[in-house]
Every structure is written in structure tokens, then in C-alpha cells.
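J.: Build me a model:
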Amino acid sequence: MKELRYSLLSDGSSDRALIPILTWLLRQHVPDTAIQPEWADLRHLPRPPRDLPERIQTTLEYYPCDLLFIHRDAESAPLQTRIEEICEAIKGVNPKIEIPFICVVPVRMQEAWLMFDSQAIRRAAGNPSGKKSLDLPPLREVEDIRDPKKMLYRLLREAVGLHGRRLKQSRPQAAVQRIPEFIDDFSPLRTLPAFRHLEDEIMRFGRYGRRHPQ
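T.: Take a look at the predicted model:
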């Protein structure tokens, strides 16, 4: 069986939650291949790189791979603007990178992609048998939520089923990392334009083995 090593360069450590999503997409479109993911943790280097071209170059030095995913949350910017920023950063990498790269740009934040499976949220919160109804937003509207991180944290606290001091001691930040581990099928996210764009790029990689222009 062939092997595909990919590295994820992300905005922050919480964005490691994207790895199960990326792995699922690759398994859909690069079949008969053993997927080996790695998150590029640059935080503990003696001199952590700051700007994006340097972070890309350092990632390739410390986390060699066959495919590089470069993540940036869209936040308040349009999807295409973030993609253009990533492509411009690639031009600043010296020497020029030769491996394929794919932009990962959730709208507005990656937390928006984790609010469609109530049971996964309950399990990540450590209360899979919880009975409290979770008021998940309609999936088609999650890209319009101003602060999806804040909403997801609220849902996780509700799923915990605790009150008072014990609720305050719960750690939604850690629970966010676990949510995608309890999801087997990310196909509902295909209703979101940003996710469809990501999948289209992975499909092109699966067909041609290289990145096509955005």
C-alpha cells in the first residue's frame, strides 16, 4: 500500500482539530493509501518563525511531507482573500517549495465545522449519556456566526451537564480537540462553500498528484 505523509501548518494549537477532517477527506479521494498526518508544532523551537513564509519554510524543514496543508481562519475576511494571502506567502519561501500545498480556510473559524454532531459534542465533553438538549445552529448558517468558538464552548459546557464550580472547572478548550475524533462522517459539511472548496482541492490532488491553481 502506498503511503502519504502530510503536514498541517495551522494558526494555533487548537486547530489540530482539523487533522481528522483532512484525513477523512484524503481517504475519500486518495484511496488505497496509508495516510500519515502530522501537526507542525513550531512553538518550542529556539527561535519560532513569525511571518507565514518563514513558518512554511520551517515546517518543511522540521516536518517533511508529501503534501502540505496551510491553515488560516477566514475570520472577517473573504475566503478568497485568505487563499491569496497564503499563495503570496508561498512565493516568499526560499528555496521555492516543490511539494503540493492546499489552503485550508474555514469560515469564520474551524470551530464552525465542529457544530453539526450533538453526540460527538457530548462524548467530547465526557457526558455521552447527557439528556440536555443542545441547541445546535443550522449547519447552513454556521459560516455566518460571528464567534463560532464562543458558541462551541457554550455547547460543550451545556453538554457537560454540571453546574456552579464544577462547570467553571470544565475545560472546553481541550474538549474541542476531541470532537472530531468522535465523528466518522464529515460529509454534512459539504453544504458549506469553504469546505467544498477544500474538498475540490483534495480531489484535484488525488487525480493529478499536484496542486492546481485556486
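J.: how close does Gln110 get to Gly161?
T.: Counting by Cβ to Cβ, to the nearest Å, the gap from Gln110 to Gly161 is 25 Å. Every residue, glycine included, has its C-beta placed from N, CA and C.
J.: Equivalent analysis for Pro137, please.
T.: Using Cβ to Cβ, one obtains 20 Å as the distance from Pro137 to Gly161.
J.: Ok, Tyr62 next?
T.: Distance from Tyr62 to Gly161, counting by Cβ to Cβ: 41 Å.
J.: the more surrounded of the two?
T.: Gly161 (17 against 13; other Cβ atoms under 10 Å).
J.: Helix or strand next in line after the helix or strand bottoming out on mean pLDDT in the chain, which one?
T.: Across the helices and strands of the chain, the lowest-confidence element by mean pLDDT, DSSP states H and E is helix 164-169, at a mean of 45. Tracing the chain past helix 164-169, the next element assigned as helix or strand by DSSP states H and E is helix 172-178.
J.: Quick one: distance of that following helix to the chain centre.
T.: 13 Å (Cα atoms, centre = their mean, to the nearest Å).
J.: can you check stretch 67-79 too?
T.: A distance of 9 Å separates the centroid of the chain from that of stretch 67-79, by Cα atoms, centre = their mean.
J.: now swap in stretch 18-27 and tell me
T.: On the basis of Cα atoms, centre = their mean, stretch 18-27 sits 9 Å off its chain's mean C-alpha point.
J.: Can you list the buried residues in it?
T.: Buried residues in stretch 18-27, defined by neighbour count with 16 or more other Cβ atoms under 10 Å: 18-26.
J.: What's the mean pLDDT across that stretch?
T.: Regarding stretch 18-27, the rounded mean pLDDT is 98.
J.: Return it as CSV; C-alpha atoms alone will do.
T.: Output of stretch 18-27 as CSV, limited to C-alpha atoms (Å, rounded to 0.1, in the frame of the first residue of the first chain):
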residue,chain,number,x,y,z
LEU,A,18,-8.6,19.8,11.6
ILE,A,19,-6.5,16.7,11.3
PRO,A,20,-9.3,14.1,11.5
ILE,A,21,-11.2,16.2,8.9
LEU,A,22,-8.3,16.3,6.5
THR,A,23,-7.5,12.7,7.0
TRP,A,24,-11.2,11.8,6.2
LEU,A,25,-11.1,13.8,3.0
LEU,A,26,-7.9,12.2,1.8
ARG,A,27,-9.3,8.8,2.5
